[in-house]
Structure formats: structure tokens, C-alpha cells
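Asker: okay, sequence plus prediction incoming.
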Amino acid sequence: MSKAARKEGLASLAELQNLIKRDSEAYSDEFHQQLLHYKSTLDIFKLRPSGSSEELGQLVQFLAAVSHCFPKDLESFPNDLVGLLEEHSDALDPDLRQALCRSLIMLRNKGFVKSSSLLELFFKLFRVPDKLLRETLYRHIINDIRQINKKQKNNTVNKTLQNFMFVMLKDSSVMAAKKSLDVMVELYTKSVWTDDKTVNVIATALLSDKTKLMATALRFFLKSNDDLEEEAMSGDEDENVEAGYKSMLLANEHNKKTAKRQRKRDKALRMMKKQERKTKKAPSFNFAALHLINDPQSLAEKMYVKLKKSKTVKFEVRLMMMNFISRLIGIHELFVLEFYSFLQRFLDQRQNITQILMYIAQASHPLVPADCLAPVLRTIANNFISERSPPEHIAVGINSIREICARCPLAIPQELLADLAQYVKHKNASVVMAARSLIQSFRDINPLLLEKKHRGRPGHSFDADQQELVYGKERVYDVIPGLELLTENMEKDEDEENDESDDEDVEDDDDDGEEEDVAEDVATKVEEETKKVVTAERVSRRRLKKLQQQQKHQEEAERREEEAIERKRHITSARSLGTTRILTQEDFDKIRELEAQKLMDPLMGKRTSEMNEIMDELDIIPEMKKKKMNKEERLEMVFAGRDGRGKFGAKKGKMNEMASQSNKIKIKRKNPMMLKHSFKFRSKKNMSMNERQRASHKKKKKF
């Protein structure tokens with residue numbers, strides 16, 4: 001068939017399709033004629049399926065488009081397409097294969113095909129080496145499963161597909177297994193399949209011999225819930241943001257286009273995206289994927305064995321494996337005791353050292369024996385914390401030890417802690433901050449391990465009633481933590497109210513006797529001053545200084561006793577309050593606020609002892625001052641800032657290339673002899689000095 005005939009046939013099919021959709025009964029004969037033509041073409045094609053048949057692809061798309069008009073005549077049509085793809089998927093021409101798949105997608109959208117059977121076929125087609133086809137099928141599978149579970153969860157279809165995907169992950173084709181895994185990850189990200197079965201099917205890919213599958217599963221488990229939520233929201237939010245941005249562009253369509261307005265438009269787009277993200281973000285109550293794993297202990301052990309054997313795998317993938325094992329151990333408090341000594345080997349290297357330290361801290365938990373972590377802490381102290389080490393290394397070492405001990409307080413020996421606490425007197429600010437944060441963390445979790453001078457004041461810096469930590473023993477609270485602060489705050493508020501009422505009642509009486517009280521106060525002060533002078537004259541200066549120190553210590557001891565009595569009184573009142581009153585959310589918010597106020601001490605850089613399940617390298621790396629740059633570095637930074645920037649100076653070019661020139665530009669380009677006899681030129685020539693000055697002032701005002 002010639003090109004002209006093919007074009008004519010295509011045009012006639014498109015025209016017939018349009019007419020059938022408008023009036024199907026009037027064109028039923030033409031439809032049946034095309035249906036017979038399709039069947040004969042299909043029979044001929046089956047004799048040689050490897051050949052290209054553009055005519056068959058056009059007929060298939062035509063019949064799929066008008067299938068809703070003649071459903072009874074096309075009952076066997078979907079089965080023909082499915083059979084053709086199952087038998088000859090590899091041998092088919094790429095264009096024809098794409099046309100058949102798109103026709104099946106169209107039939108599925110019209111309800112002619114069941115989703116489970118069609119999706120299983122599409123999963124099998126992932127084996128075909130056709131990238132464009134795989135992308136088309138991938139998008140349809142995601143959208144179709146989302147549509148099925150839009151109103152309510154369809155558990156029957158979900159279970160069937162999950163079982164089939166579990167089989168597909170063990171497929172011999174790496175690409176088919178990888179795409180099936182990508183589908184499950186995307187559905188979890190979009191909050192379609194968030195059950196434990198999905199997570200455990202993905203977890204089976206961690207033990208796969210194929211590195212691509214293992215790396216994909218690791219990336220999924222190492223993402224936090226916030227990252228997954230942002231990915232899920234990104235696709236939906238772009239549409240609304242784009243609509244708002246387009247409306248803003250239409251509003252300023254006829255304004256003059258300047259660089260300043262362009263910057264404003266870009267800034268508005270950024271602000272709109274940020275606002276959309278804030279308004280759209282709903283609170284997520286899903287557990288992280290790591291919490292849904294059924295048997296974390298056996299999985300961690302198998303992954304550790306695989307990590308030891310994977311010496312030929314890239315180092316980046318090995319780091320991901322270490323990160324996953326450490327998170328799994330820390331979240332579920334598992335026992336893989338050889339893992340710590342394995343990570344200890346990497347502390348001698350300088351490659352990705354902060355990540356290794358982070359993994360050690362993540363894998364620590366209160367049930368790890370101190371014998372396992374003590375050698376690791378000693379290695380960190382020897383490699384990072386010494387007089388010869390630079391301040392950055394010392395701060396990183398102390399911070400990493402702090403994070404490990406915050407999760408496992410019994411891991412550090414008392415002698416090592418005393419040595420690290422001495423770095424509060426270091427000359428570098430970042431090292432001092434790291435040492436102070438270490439001291440403060442032990443004031444919160446185990447103050448008895450610190451030296452007495454580093455514990456601070458009881459009741460303010462640490463809890464004096466706290467017992468010594470013992471391995472495996474958990475602290476039992478008889479009072480809600482922080483409730484004594486709430487009772488103290490309530491008493492203060494009551495006292496202030498009582499003082500105000502007393503001041504109002506006694507205000508008149510105080511006015512009468514105010515003068516007498518002032519006179520008595522002055523007299524007593526004069527007597528006290530004279531006594532002090534006499535005593536100072538009688539005793540020597542050394543004796544006087546000693547007496548003053550004794551008096552100061554006595555006052556300090558009395559004050560501590562009063563504080564201890566007051567603290568015990570607040571605890572007893574807190575016990576009674578906890579048993580007689582139901583606390584509201586406002587009360588708990590007030591407790592958190594009071595605890596934060598208690599920790600605010602300007603003299604010590606205190607940290608709260610809250611721990612996140614997922615750590616970041618920034619928790620270990622200290623904030624350092626920037627070093628002074630030399631001339632070459634400054635020039636390099638200057639030239640880097642000039643990339644992509646417009647040329648400095650007046651803009652001579654037009655913003656719109658299709659726009660015409662202004663009259664000012666035309667006058668500038670004219671021959672001066674032509675402008676010699678113009679009115680403007682002659683009037684300037686005849687100007688007086690005063691008029692010239694006024695004109696120049698006006699010109700300057702414009703700028």
C-alpha cells in the first residue's frame with residue numbers, strides 16, 4: 001500500500017470513528033465491515049508475527065475507541081489482543097506492540113477488561129527490552145491501582161497483585177523484577193499500599209543477589225516519612241501552583257517586562273510553592289516502613305552476613321547496607337554484637353568517617369552490653385581526641401561519643417568521661433561546646449557518673465533523687481515527669497493573685513505609716529553600718545575574709561536545704577495532683593514549656609536529651625568558623641558568582657526580539673546632519689545658561 005493510500009485510510013478511519021461516536025446505529029454496516037477487515041488482517045498477521053503491520057495497529061485502535069458503541073460484537077476483541085501479546089510479545093514490532101497495549105488500556109478504562117488479569121500481563125511485559133513500553137505500562141499500573149483503591153481498599157485485588165509481585169521479584173529478568181519493585185515502592189509512597197505485607201515483600205529484595213534490586217530496596221527503607229510525604233505531594237501540588245502562577249502572569253501580561261518584575265514573579269512562584277506545601281501537608285499517622293518488618297532480628301543477621309561477603313560491591317552500596325542494619329538494630333533494639341566490631345575497622349580510614357560514626361550511634365541502644373561499645377569508644381577517643389588532633393576532629397569525636405552514650409549511657413567508662421569533660425577548658429569554641437553538651441547529656445541521663453564539680457546544682461542542673469543506672473533495669477516513675485514544675489507554676493500564680501489582692505486592701509493603711517517605716521529602716525541601716533565598721537577595725541583583714549567565706553558557705557548550705565525541702569514539697573503535691581486531677585493537653589504543653597525554660601541556662605550550652613530514631617551527619621559535625629580565604633580562593637568565588645549573570649552595564653538589547661524599535665533609538669541612529677535643522681536641536685542651541693541648568697536639574701531628578 002502506498003503512502004497516499006495509507007494516509008487516506010487513516011483519515012477515513014478517524015472520520016468514521018467520529019461519526020460512529022455521534023450516531024452508532026446509522027454507521028453499523030461500516031463498523032461491521034471494518035470488523036471483518038480486522039479479523040482477516042489478524043489471521044494473515046499470525047502467519048508471520050515478526051513483520052510490521054501498520055494497518056493492523058490502526059484497526060485495533062479504531063475498534064478500541066468505538067468499543068462502547070458495539071459491546072456485544074467486540075466481546076472477544078480484548079482476548080485476541082491479550083493472546084497476541086502473551087504469545088508473540090518479543091517478536092512483535094515495537095510500534096504495533098505499543099498500539100496493542102494502549103488499546104488494552106483504553107478497554108480497561110471503559111470497563112471491558114478485569115484489572116487483575118490485565119495487570120498481570122503488563123507485569124510480564126516488563127521483560128520486553130522496550131523502554132518506552134515499560135514507561136507506559138508503569139504509569140498505567142500505578143494509576144489503575146490508585147483508582148481501584150480510591151474510595152475504599154479493594155483487598156481481593158490487592159492480595160492477588162501482591163502475591164504476583166512477590167513471584168515477579170524472583171524473576172530471571174532483572175529489569176522486570178526492578179520495575180515490579182519500583183511499582184510497590186511508588187504505591188507505598190503514594191499511600192495506596194501501606195500495609196505490612198507490602199513492606200515485607202519489598203524487604204525480600206534486600207536479600208537478592210541482584211545489586212540493582214537490593215539498592216532500590218535499601219533506598220526505600222532509608223528514606224524517612226517526611227521524604228516520602230514530600231514525594232507523594234509533589235505531583236499533586238505542582239498543578240495548583242502552576243494554575244496560580246499562570247493567573248498571576250495573565251494579570252501582568254500587559255505590563256512592561258523588566259528584570260525586576262521577572263525577579264518578583266520568580267519570588268512569587270517560590271512563595272506559592274511553599275504555601276501550597278504548608279496548606280496541603282496533612283498529619284501523617286503511618287508508621288515508618290522499618291517498624292512494619294515482621295522478623296527484624298533474622299533480617300538484620302542475614303544482612304550482616306551479606307555485608308561481610310559483599311567485598312566486590314561498590315562502597316556506596318555497602319554504606320547503605322551499614323546504614324540500614326544500624327537503623328534496624330537501633331529501632332527494634334536487636335542483638336547483632338559483631339556489627340560494632342565490624343564498624344570499628346572503618347574508624348582508621350578517612351573515607352566517609354562521619355557516616356561510620358553516625359551508623360555506630362544509630363545502632364546503639366540501652367540493651368547493648370558495655371563490653372561491646374567500650375572498645376569502640378576507646379578507638380574514637382584515640383583516633384580523634386588528642387592534643388595533636390585539629391579542633392574539628394576533637395569536636396566530631398566528642399559529639400559522636402555523646403550521641404552513642406545518649407542511647408547507651410553505660411558504654412563509657414568513668415575515667416574516659418572525666419578526661420573528655422576536661423575539654424571544657426579548651427581554647428577552641430567548638431570543642432568547648434561539644435564538651436559542654438556531653439556534660440549536659442550526662443546530667444540528664446546519668447549524673448552520678450560525672451565528677452561532682454560537673455554535676456551542677458541539684459534540682460536545677462540534674463535530678464538529685466535519680467538512682468544509679470543498672471544494665472537492663474528501667475526507671476519507674478511514680479510521678480509524671482515535669483508535673484512538679486506545673487504545681488510550682490500554679491503556686492506562683494496563686495501567690496501573685498493573693499499579693500495583688502492584699503496590696504489593694506492595705507494600700508490606704510500603708511500611706512499613713514509609710515513615713516514612720518522609712519525612718520525606722522534608715523535608723524537600723526545606720527546601726528548595722530557602724531557595727532560593721534567597728535568589727536572591721538577590731539579584727540585583721542585575713543580574719544575578716546575567713547569569716548566572710550564561712551558565712552557564705554553557711555548561707556549556701558542553708559539555701560540548698562531550703563531548695564531540697566521545697567523540691568520534696570513540690571513532688572508530694574505533684575503526686576496528689578496526678579491522682580486527683582485528669583491532665584489536659586494544655587497542661588502537657590505547659591509542662592513542656594516549663595521544662596524548656598528550666599534548661600535555658602546562658603552560662604552553659606545545654607542540650608535536651610531527646611533522641612531521634614534517624615540520625616543525621618549534622619548531629620555530629622560541629623559548626624566551625626570559616627577560614628580566611630586567600631586571593632586565589634576569593635577570585636574563584638567572584639568568577640563563580642558571575643556565571644549565568646547578565647552583562648554589567650546598560651541594557652541595549654530588546655527584551656522581546658519581535659518588538660519594533662523606539663523613537664529614541666531611531667533618533668540616535670540618524671545622521672546628525674539630518675537632525676541639525678530640527679526644532680529640538682535649534683532650541684537647545686538658543687538656550688540661555690539659566691535654561692540649560694534647569695534642564696540638567698530636571699534630567700537628574702528623573703534618575
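Answerer: Perfect, I can see it now. Residues are numbered from 1 along each chain as shown.

Asker: and Glu392, how close does it get to Gln344?
Answerer: Separation of Glu392 from Gln344 (Cβ to Cβ, to the nearest Å) stands at 22 Å. For the C-beta atoms, the positions are set from N, CA and C on the backbone; glycine is no exception.

Asker: what's the answer for Gly644, then?
Answerer: From Gly644 to Gln344 the distance is 46 Å (Cβ to Cβ).

Asker: between those two, which one's more packed in?
Answerer: Gln344 (18 against 5; other Cβ atoms under 10 Å).

Asker: in a helix, that one, correct?
Answerer: Yes: residue state for Gln344 (DSSP: H, G, I helix; E, B strand; the rest coil) corresponds to a helix.

Asker: which residues touch it?
Answerer: For Gln344, the contact set (Cβ atoms under 8 Å, 6 or more residues apart in numbering) comprises Pro375, Val376, Thr379.

Asker: which among the residues you listed gets closest to Asp93?
Answerer: Val376 (61.2 Å; Cβ to Cβ).

Asker: that closest one: which element?
Answerer: helix 370-384 (DSSP states H and E).

Asker: only alpha carbons, please: show that helix as CSV.
Answerer: Provided in CSV are the C-alpha atoms of helix 370-384 (Å, rounded to 0.1, in the frame of the first residue of the first chain):
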residue,chain,number,x,y,z
ALA,A,370,29.1,-2.2,77.7
ASP,A,371,31.9,-4.6,76.7
CYS,A,372,30.8,-4.3,73.0
LEU,A,373,30.8,-0.5,72.8
ALA,A,374,33.7,0.4,75.2
PRO,A,375,36.4,-0.6,72.7
VAL,A,376,34.6,1.4,70.0
LEU,A,377,34.6,4.5,72.2
ARG,A,378,38.2,4.0,73.1
THR,A,379,39.1,3.8,69.4
ILE,A,380,37.2,7.0,68.7
ALA,A,381,39.0,8.8,71.6
ASN,A,382,42.4,7.6,70.4
ASN,A,383,41.8,8.5,66.7
PHE,A,384,40.1,11.8,67.1
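
Asker: so how far is that helix off the chain centroid?
Answerer: 31 Å (Cα atoms, centre = their mean, to the nearest Å).

Asker: right, and the helix or strand after that helix?
Answerer: helix 391-407.

Asker: ok and that next one relative to helix 370-384, angle-wise?
Answerer: Angle, helix 391-407 to helix 370-384, by axes from the mean of the first three to the mean of the last three Cα atoms, to 10 degrees: 170 degrees.

Asker: quick one, what contacts Tyr188?
Answerer: Thr194, Thr198, Val199, Ile202, Phe220, Leu228, Ala289.

Asker: the second one belongs to a strand, doesn't it?
Answerer: Just to be clear, that refers to Thr198. No: with three-state DSSP as the criterion, Thr198 is assigned helix and is not in a strand.

Asker: for Phe112, what are phi and psi?
Answerer: The phi and psi torsions at Phe112 (degrees, to the nearest 10) take the values phi -90, psi -20.

Asker: check the gap between Leu132 and Met175 for me.
Answerer: Distance, Leu132 to Met175, by Cβ to Cβ: 13 Å.

Asker: please say which of the two ends up with more neighbours.
Answerer: Neighbour count, other Cβ under 10 Å: between Leu132 and Met175, Met175 has more, with 15 against 11.

Asker: burial check on the nearest residue to the more buried one once chain neighbours are set aside, number of neighbours?
Answerer: Nearest residue to Met175, sequence neighbours excluded (Cβ to Cβ, 6 or more residues apart in numbering): Phe126, at 6.3 Å. For Phe126, the neighbour count with other Cβ under 10 Å is 23.

Asker: likewise for the one 5 residues further on?
Answerer: For Lys131, the tally of surrounding residues (other Cβ under 10 Å) stands at 9.

Asker: what residue ranges in the stretch 51-200 of the chain score low on pLDDT?
Answerer: Within the stretch 51-200 of the chain, the set of residues satisfying pLDDT under 70 is empty.

Asker: mind jotting down where the helices sit in it?
Answerer: 54-65, 77-88, 94-109, 115-124, 131-148, 155-168, 174-189, 196-204 (DSSP state H, counting those that start in this stretch).

Asker: output the contacting helices and strands for the longest one.
Answerer: If you count contacts as 3 or more Cβ pairs under 8 Å, 6 or more residues apart in numbering; DSSP states H and E, helix 131-148 packs onto helix 94-109, helix 115-124, helix 155-168, helix 174-189.

Asker: what about it, distance to the chain center?
Answerer: In terms of Cα atoms, centre = their mean, the centre of helix 131-148 is found 27 Å from the chain centre.

Asker: over to the shortest one?
Answerer: Here helix 196-204 is found 23 Å from its chain centre; the criterion is Cα atoms, centre = their mean.

Asker: repeat that for the fourth one.
Answerer: For helix 115-124, the distance from its own C-alpha centre to the chain's C-alpha centre is 35 Å (Cα atoms, centre = their mean).

Asker: now it against helix 131-148, angle please.
Answerer: Going by the same axes, to 10 degrees, helix 115-124 is angled at 150 degrees with respect to helix 131-148.

Asker: and for the last one?
Answerer: Calculated by the same axes, to 10 degrees, helix 196-204 forms an angle of 160 degrees with helix 131-148.

Asker: and Leu483, which of the helices and strands packed on helix 131-148 is closest to it?
Answerer: Closest among the helices and strands packed on helix 131-148, once you apply Cβ to Cβ, is helix 174-189, at 40.2 Å.

Asker: and the closest one, what's buried?
Answerer: Buried positions in helix 174-189, judged by neighbour count with 16 or more other Cβ atoms under 10 Å: 176-189.

Asker: tell me the one of those nearest Gln162?
Answerer: Nearest to Gln162 among the buried residues of helix 174-189: Met184, at 8.0 Å, using Cβ to Cβ.

Asker: residues in contact with that closest one?
Answerer: By Cβ under 8 Å, 6+ apart, the contact set of Met184 is Met165, Trp193, Thr198, Val201, Ile202.

Asker: list buried residues within those.
Answerer: Met165, Trp193, Thr198, Val201, Ile202.

Asker: can I get those residues in JSON lines including distance to His570?
Answerer: Listed next are the buried ones among the contacts of Met184 as JSON lines, based on distance: Cβ to Cβ, whole Å:
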{"residue": "Met165", "distance to His570": "59"}
{"residue": "Trp193", "distance to His570": "51"}
{"residue": "Thr198", "distance to His570": "50"}
{"residue": "Val201", "distance to His570": "53"}
{"residue": "Ile202", "distance to His570": "51"}
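
Asker: which one of those residues is nearest to His365?
Answerer: His365 lies nearest to Ile202 out of the buried ones among the contacts of Met184, by Cβ to Cβ, at 24.4 Å.

Asker: and that closest one, how close does it get to Arg219?
Answerer: Distance, Ile202 to Arg219, using Cβ to Cβ: 11 Å.

Asker: and Ser76, what does it touch?
Answerer: By Cβ under 8 Å, 6+ apart, Ser76 has no neighbours at all.

Asker: would you list the phi and psi of it?
Answerer: Torsion angles, degrees, to the nearest 10, at Ser76: phi -90, psi 0.

Asker: distance of Arg97 relative to Leu74?
Answerer: Distance from Arg97 to Leu74, by Cβ to Cβ: 21 Å.

Asker: skipping adjacent residues, who's closest to His570 in space?
Answerer: In space, His570 is closest to Glu484, 4.2 Å off (Cβ to Cβ, 6+ apart).
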